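>>> my questions are about this predicted structure, shown below with the sequence.
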Amino acid sequence: MIKRVVLLVLSAAVVFSGILASCSKDQATGRKIVIATDATWAPMEFINEEKKIVGFDIDLLTAAAKEGNFQVEFVNTAWDGIFAGLAAGKYDAVCSSVTITDERKKAMDFSIPYVNAGQIIVVQKDLKGLDKLSQFTGKKVGAQIGTTGALETSTTAGVIAKMYDEIGMAFEDLVNGRIDAVVCDSPVAAQYALQNEKYKAKLKIVGVPFTKEEYGVAVNKGNQAVLDLINDGLKKVQEKGIDKKIEKKWLR
C-alpha cells in the first residue's frame, strides 16, 4: 500500500513537472502570429530559389518576433484577396509592403511605421555629386506614368521628365545612357540597383527618400493584443538598430 502511494506521488510529480516544463516552453516562445504576405515583390517579400519566402519584411518581422517574444508564421497570399482574408480571420496580420493611408485606417489598424518607402533616385555608378532631384536641372529623369515618382519628376523645375509605361524600361534606358536618372519607390530602386544581376554592377541609389510613404503591419480593427505584440517587437528592433542592418542588406 505504501509502495502504491509512493508510486502515485512520484507519478503526480512527473506529470506536474511536465506541465511546468510545458508552461516554461510556452512562456519562452510566446504566442504564434500568422502573417499573410504576397511574396511577389522583391526585395520586400519574394520566393527564392529554394522556394522559401524571403525579403526585407520577412527578416524584419522575424527579428521583431524574437525581440518581442512571439512566434511568427508567414503564409503566401495573393494580393487581391489579402485584406478580405484578414477580415475573415484566416490570419492575424498582413505584412506585405502595405502603405499606411487614411483610407486603409478606416478598415484596419496599423503597427508603427517600419520603413519609409518613398521616392528615391537611381543613377549610373560613375555619376558623382548629385543626390537631390532639384540638382538634375537640364537632365533627363525617368519615372513610371501614374506614380508618385512621375508627379515629383514632372513638377521639379528644370528637370526633363521622361515617362514610361513600365519602370523596367526606364532602368534599361538609364543603363544605356539614354537618361540620367530614375525616380521610383525605394524598394523598386533596391530591386533594380542592388538585387538585379543585370544592373547592380552599373547602378547605385543616391540620397534618401524624399517623399513619405510609410509601410506598416495591418491587423483587424480592435485586435489590440496582436498589435501590441508586433509594436513591442518592432520598437525593440528599432531601438537596437537591427532594422538598419536589415535595411542595409535589402534596401541600400
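Yep, it's here.
>>> and stretch 244-251, how far from the chain's centre?
11 Å (Cα atoms, centre = their mean, to the nearest Å).
>>> next one: stretch 106-124
On Cα atoms, centre = their mean, the centre of stretch 106-124 falls 8 Å from that of its chain.
>>> outline the domain layout of this protein.
For the chain, automatic domain parsing gives the domain ranges 30-116+215-250, 119-206.
>>> possible to save these as JSON lines with mean pLDDT and mean neighbour count?
In short, each C-beta sits where N, CA and C put it, glycine included. Shown next, in JSON lines, are those (pLDDT from 0 to 100; neighbours: other Cβ atoms under 10 Å):
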{"stretch": "domain 30-116+215-250", "mean pLDDT": "96", "mean neighbour count": "18"}
{"stretch": "domain 119-206", "mean pLDDT": "96", "mean neighbour count": "18"}
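>>> check contacts around the spatially closest residue to residue 171 that is not a sequence neighbour.
Spatial nearest neighbour of residue 171, chain neighbours left out: residue 192 (4.8 Å); criterion: Cβ to Cβ, 6 or more residues apart in numbering. Each residue near residue 192 by Cβ atoms under 8 Å, 6 or more residues apart in numbering is listed here: 122, 167, 168, 171, 182, 199, 200, 203.
>>> which residues touch the residue lying closest to the second one once chain neighbours are set aside?
Spatially, and ignoring its direct neighbours in sequence, residue 167 is nearest to residue 144 (4.4 Å; Cβ to Cβ, 6+ apart). When contacts are counted by Cβ under 8 Å, 6+ apart, residue 144 is found next to 150, 163, 164, 165, 166, 167, 170, 184.
>>> narrow those to those in strands?
163, 164, 184 (DSSP state E).
>>> and which of those is nearest residue 54?
residue 184 (21.5 Å; Cβ to Cβ).
>>> quick check, that closest one in contact with residue 167.
Yes. Counting by Cβ atoms under 8 Å, residue 167 is a contact partner of residue 184 at 5.6 Å.
>>> what residues are shared contacts of those two?
Common neighbours of residue 184 and residue 167 (criterion: Cβ under 8 Å, 6+ apart): 143, 144, 147.
>>> and the second one, what are its bridge partners?
Using DSSP bridges, the beta-bridge partners of residue 144 come out as residue 164.
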